[in-house]
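A.B. asks: attaching a predicted model along with its sequence, questions to come.
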Amino acid sequence: MVNLAVFCSGNGSNFQAILDAVRRNKLKATVAVMICDNPKAYALRRARRHGVPIVLIGRDAPWGVSTGDPRKAYEKILVRILRNQRVDLVVLAGFMRILTPYFIRAWRGRILNIHPSYLPAFKGAHAIRDAFEAGVKETGVTAHLVTEAVDAGPILMQEKVKVSQKDSLESLEKKIHRIEHQIYPKAIGQFIKNSLGGRNK
């Protein structure tokens, strides 16, 4: 069984979708740990409710270092935690932090992300708002591998979402999140089957 580490910062609805897929045996994996950088995140409640081990490692902690790059120090701790937990695959689910090249090199080819646009359109942290304000007739959802270039890694799965004239920003967000919850567990499962052989290395 493949061990997942799911990284969250907020509500954790994609985290919940992954947990649900695992529980229904639609995703053959184990959520070994949830990494969170926000002590107020609702995702923490979801993890506790399902008995998922939590590592809460806030953004502003000193990491026990007084010199050097604090982001790299942060990520060295993450790498050590993931190795101790025997994690096979890192899954970003609303983790509002750009990973450094150090972390991406350590887990190259084993970090997945879900992005709320039909990439390559509307990269960045405000993709839904940007698409809505641009007045496009369709946007979408993309599951992709994470690389050093933000929102530019190889695409694993995509689905388009039509934007109605009646849509508000809030209704568009709901549409996109609903599709995210559908395709992300599928994309993770497909990646495990195709790239990890469906089992731990």
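C.D. replies: Thanks, I have it. Numbers count the residues shown, from 1 in each chain.
A.B. asks: L19 is in what secondary structure piece?
C.D. replies: helix 13-23 (DSSP states H and E).
A.B. asks: format the CA atom coordinates belonging to that helix as PDB.
C.D. replies: Only the C-alpha atoms of helix 13-23 are listed here, as PDB (Å, rounded to 0.1, in the frame of the first residue of the first chain):
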ATOM      1  CA  SER A  13     -12.100  19.700   1.400                       C
ATOM      2  CA  ASN A  14      -9.800  18.000  -1.100                       C
ATOM      3  CA  PHE A  15      -8.200  16.200   1.900                       C
ATOM      4  CA  GLN A  16     -11.700  15.000   2.800                       C
ATOM      5  CA  ALA A  17     -12.300  13.800  -0.800                       C
ATOM      6  CA  ILE A  18      -9.000  11.800  -0.600                       C
ATOM      7  CA  LEU A  19     -10.000  10.300   2.800                       C
ATOM      8  CA  ASP A  20     -13.400   9.400   1.400                       C
ATOM      9  CA  ALA A  21     -11.900   7.700  -1.700                       C
ATOM     10  CA  VAL A  22      -9.600   5.700   0.500                       C
ATOM     11  CA  ARG A  23     -12.400   4.700   2.800                       C
END
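A.B. asks: give me the distance from it to the chain's centre.
C.D. replies: 12 Å (Cα atoms, centre = their mean, to the nearest Å).
A.B. asks: name the helices or strands packed onto the helix or strand following that helix?
C.D. replies: Heading C-terminal from helix 13-23, the first helix or strand you meet, by DSSP H and E, is strand 29-36. Applying 3 or more Cβ pairs under 8 Å, 6 or more residues apart in numbering; DSSP states H and E, one finds that strand 29-36 makes contact with strand 2-8, helix 13-23, helix 43-49, strand 54-56, helix 70-84, helix 169-195. (C-beta placed from N, C-alpha, C; glycine too.)
A.B. asks: now with 7 Å, please.
C.D. replies: Packing partners of strand 29-36 (3 or more Cβ pairs under 7 Å, 6 or more residues apart in numbering; DSSP states H and E): strand 2-8, helix 13-23, helix 43-49, strand 54-56.
A.B. asks: adding mean neighbour count, write those out as a markdown table.
C.D. replies: Putting these into a markdown table (neighbours: other Cβ atoms under 10 Å) gives the following:
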| stretch | mean neighbour count |
| --- | --- |
| strand 2-8 | 24 |
| helix 13-23 | 20 |
| helix 43-49 | 17 |
| strand 54-56 | 15 |
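A.B. asks: adding mean pLDDT, write those out as CSV.
C.D. replies: Conversion of the helices and strands packed on strand 29-36 to CSV gives the following (pLDDT from 0 to 100):
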stretch, mean pLDDT
strand 2-8, 98
helix 13-23, 98
helix 43-49, 97
strand 54-56, 94
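A.B. asks: nearest to A187, of these?
C.D. replies: Minimum separation from A187 across the helices and strands packed on strand 29-36 (Cβ to Cβ) falls at helix 13-23, 10.6 Å.
A.B. asks: excluding sequence neighbours, find me the nearest residue to the spatially most central residue of the chain.
C.D. replies: Closest to where the C-alpha atoms of the chain average out (Cα atoms, centre = their mean) is L92, at 1.7 Å. Nearest non-adjacent residue to L92, counting by Cβ to Cβ, 6 or more residues apart in numbering: N113, 4.3 Å away.
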